[in-house]
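Chemist: no sequence on this one, just coordinates:
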Ligand code: DGP
């Protein structure tokens, strides 16, 4: 595992973040550089650096992460108008923080294909 990332520090309370949702498995907080009116990041409390690393774990753990993403979206009131979930994994996808995170983007019509 690589060193501490900013998301480790947010999870540990060393760095401030605007928390949107939390349960036993995930922490969701507002992105510092929002790309949509609502832009929230969801991280698993048990660290995985990449999506591939999480996907190698027990299906139950993988499921808890995705359920946490869905619950975060629900608690943000996004079910009616919808939202996008993005997982940037690796260099070509511009993953910039080596701590797996799902982006929840919402609050406007989102373009497709993404950039
Ligand atoms: P990605 O490119 O998928 O690795 O996205 C990383 C996101 O993390 C990016 O949208 C900006 C956000 N981010 C980076 N540092 C911080 C931070 O310290 N606090 C918060 N809330 N978000 C951050």
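Modeler: Perfect, thanks for sending it. Source: prediction; values computed, not measured.
Chemist: And residue 36, how close does it get to residue 47?
Modeler: For residue 36, the distance to residue 47 (CB to CB, to the nearest Å) stands at 26 Å. C-beta here means a position set from N, CA and C on the backbone, and glycine is covered the same way.
Chemist: ok, now residue 87?
Modeler: To residue 47, residue 87 is 15 Å away according to CB to CB.
Chemist: More neighbours: which of these two?
Modeler: Neighbours were counted for residue 87 and for residue 47 using other CB atoms under 10 Å; residue 47 has more, 18 against 15.
Chemist: where do the strands sit along this protein?
Modeler: Secondary structure of the chain (DSSP state E): strands located at 19-22, 26-30, 38-44, 84-86, 102-106.
Chemist: can you pull the contacts of the nearest residue to residue 11 once chain neighbours are set aside?
Modeler: Nearest residue to residue 11, sequence neighbours excluded (CB to CB, 6 or more residues apart in numbering): residue 27, at 5.8 Å. For residue 27, the contact set (CB atoms under 8 Å, 6 or more residues apart in numbering) comprises 10, 11, 19, 21, 42, 43, 45.
Chemist: Does the third one touch residue 40 like I think?
Modeler: No. Here residue 19 does not reach residue 40: they are 9.6 Å apart, not a contact under CB atoms under 8 Å.
Chemist: Relative to residue 28, how far out is residue 69?
Modeler: Taking CB to CB, one finds residue 69 at 8 Å from residue 28.
Chemist: Need the overlap of contacts for these two.
Modeler: Contacts common to residue 69 and residue 28, judged by CB under 8 Å, 6+ apart, are 42, 104.
Chemist: interface residues of this protein facing the ligand?
Modeler: 6, 15, 17, 29, 31-33, 41, 88, 94-97 (CB under 6 Å from any ligand atom).
Chemist: Perfect, I'm done here.
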